[in-house]
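Peer 1: Just the structure for this:
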Amino acid sequence: MDSKRVKAQPKGFMRKRIGSTVYDVNLCFSHEAKELLQDKLLRLAINDLNMNLTDVRMDIPQTNRLPERSICS
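Peer 2: This next block holds a predicted model:
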């Protein structure tokens with residue numbers, strides 16, 4: 001049986017392959033942090049959504065045709 005040996009990685013280190021690119025990731029954090037990881041991720045996601053929503057415009061499309069099934073005489 002042919003098996004690949006995986007070298008033991010130190011804690012907080014991760015290697016991820018996406019396509020032909022290999023990413024080496026080191027995790028680091030502060031022991032004095034007052035915010036949980038879940039809270040921080042939620043805050044970052046909400047801030048990102050709020051930033052993206054300010055760029056969205058919901059303009060009325062300009063067309064000279066009436067929508068289908070419109071009731072106009």
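
Peer 1: which residues are contacting the worst-scoring helix or strand of the chain on mean pLDDT?
Peer 2: When the helices and strands of the chain are scored by mean pLDDT, DSSP states H and E, helix 37-53 comes last with a mean of 85. Applying CB atoms under 8 Å, 6 or more residues apart in numbering, the contact partners of helix 37-53 are Phe29, Glu35. C-beta: built from backbone N, CA, C; applies to glycine.

Peer 1: where does Glu35 land on pLDDT?
Peer 2: Here the pLDDT value assigned to Glu35 is 88.

Peer 1: Specify the local secondary structure of it.
Peer 2: Assigned with DSSP: H, G, I helix; E, B strand; the rest coil, Glu35 falls in the coil class.

Peer 1: State the number of residues packed around it.
Peer 2: Neighbour count for Glu35, taken as other CB atoms under 10 Å: 11.

Peer 1: Likewise for Ser20?
Peer 2: 5.

Peer 1: cool, Lys34 as well?
Peer 2: Neighbour tally, Lys34, other CB under 10 Å: 6.

Peer 1: Please state the backbone phi and psi of it?
Peer 2: In terms of degrees, to the nearest 10, the main-chain angles of Lys34 are phi -100, psi 0.

Peer 1: on that earlier part again, buried stuff in the least confident helix or strand of the chain?
Peer 2: Within helix 37-53, no residue is scored as buried using 16 or more other CB atoms under 10 Å.

Peer 1: Alpha carbons of it, as PDB, please.
Peer 2: Provided in PDB are the C-alpha atoms of helix 37-53 (Å, rounded to 0.1, in the frame of the first residue of the first chain):
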ATOM      1  CA  LEU A  37     -13.100  35.100  17.000                       C
ATOM      2  CA  GLN A  38     -16.700  34.500  16.100                       C
ATOM      3  CA  ASP A  39     -17.600  38.100  17.200                       C
ATOM      4  CA  LYS A  40     -14.700  39.500  15.200                       C
ATOM      5  CA  LEU A  41     -15.700  37.600  12.100                       C
ATOM      6  CA  LEU A  42     -19.300  38.600  12.400                       C
ATOM      7  CA  ARG A  43     -18.200  42.300  12.900                       C
ATOM      8  CA  LEU A  44     -15.900  42.100   9.800                       C
ATOM      9  CA  ALA A  45     -18.700  40.600   7.700                       C
ATOM     10  CA  ILE A  46     -21.300  43.200   8.700                       C
ATOM     11  CA  ASN A  47     -18.800  46.000   8.100                       C
ATOM     12  CA  ASP A  48     -18.100  44.600   4.600                       C
ATOM     13  CA  LEU A  49     -21.800  44.200   3.800                       C
ATOM     14  CA  ASN A  50     -22.400  47.800   4.900                       C
ATOM     15  CA  MET A  51     -19.600  49.100   2.800                       C
ATOM     16  CA  ASN A  52     -20.800  47.200  -0.300                       C
ATOM     17  CA  LEU A  53     -24.500  48.300   0.200                       C
END
